[in-house]
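Asks: have a look at this fold, sequence not included:
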């Protein structure tokens with residue numbers, strides 16, 4: 001699913017509550033309805049939307065009772081900052097599941113989880129530093145673009161291409177500008193040597 005559509009699915013509070021509940025264990029829909037104090041019909045509708053989004057899946061036990069569980073590992077990232085907005089998803093790589101027959105030591109599990117949480121926080125701090133620097137660089141680039149003699153839409157196109165190449169259809173959705181208008185501006189920017197097209201994707205060439 002498109003990351004922006006996925007963000008729309010997760011924009012509903014009750015769907016987020018359902019996912020939070022399913023993060024503990026599988027539930028059947030009546031359990032979800034009672035636990036969250038949400039009507040059965042509404043729960044079914046929310047589960048259907050989550051299932052179509054690929055976030056949950058259902059299965060039946062021996063008693064033919066239908067259970068729901070989270071379907072896959074998915075990370076959704078939203079970046080909102082001056083001169084930048086982005087939404088993307090990625091699926092983290094998972095190691096092999098532990099062998100149930102061998103059993104586990106809950107204390108060792110707790111120690112490993114604590115260590116992983118520490119590493120996660122360290123990585124988050126590093127990511128914050130990187131994001132801060134990216135914001136600074138974007139702002140400098142934005143000021144450089146707007147200080148030059150560019151049409152307003154030309155400036156917005158150049159700013160949109162700062163992160164890398166993009167196809168015109170994606171630019172049209174991102175900027176909410178019709179492709180026919182973008183094509184005209186991109187061609188003019190191309191003639192000025194500011195952008196280039198490679199395999200149907202546009203990118204910055206160099207700034208004058």
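Replies: Sure, I can see it. Nothing here was measured: the structure is a model prediction, and the numbers come from that model.
Asks: let me see the mean pLDDT of the longest helix along the chain.
Replies: If each helix of the chain is counted by residues according to DSSP state H, the longest one is helix 106-147. The average of the pLDDT scores along helix 106-147 is 86.
Asks: can you check stretch 20-38 too?
Replies: Within the predicted structure, the mean pLDDT of stretch 20-38 is 93.
Asks: can you name the residues in contact with it?
Replies: If you take C-beta atoms under 8 Å, 6 or more residues apart in numbering as the criterion, stretch 20-38 is touched by 14, 17-18, 39-40, 43-44, 46-47, 56, 59, 65-70. C-beta here means a position set from N, CA and C on the backbone, and glycine is covered the same way.
Asks: could you flag which of these are buried?
Replies: The neighbour-count criterion (16 or more other C-beta atoms under 10 Å) marks 17, 18, 43, 46, 47, 56, 67, 68, 70 among those as buried.
Asks: report the two of the residues you listed separated the most.
Replies: The two members of those with the most space between them (C-beta to C-beta) are 17 and 67, at 17.4 Å.
Asks: and residue 82, how many neighbours?
Replies: Around residue 82 sit 9 other residues, with neighbours defined as other C-beta atoms under 10 Å.
Asks: so where do the helices sit in this protein?
Replies: Counting by DSSP H, the helices of the chain are 3-9, 13-22, 29-36, 40-52, 106-147, 152-160, 168-175, 179-191.
Asks: list the buried residues for the shortest one?
Replies: Residues of helix 3-9 classed as buried under the neighbour-count rule (16+ other C-beta under 10 Å) are 6, 9.
Asks: what's it packed up against?
Replies: Packed against helix 3-9 by the contact rule (3 or more C-beta pairs under 8 Å, 6 or more residues apart in numbering; DSSP states H and E) you find strand 75-81, strand 84-90.
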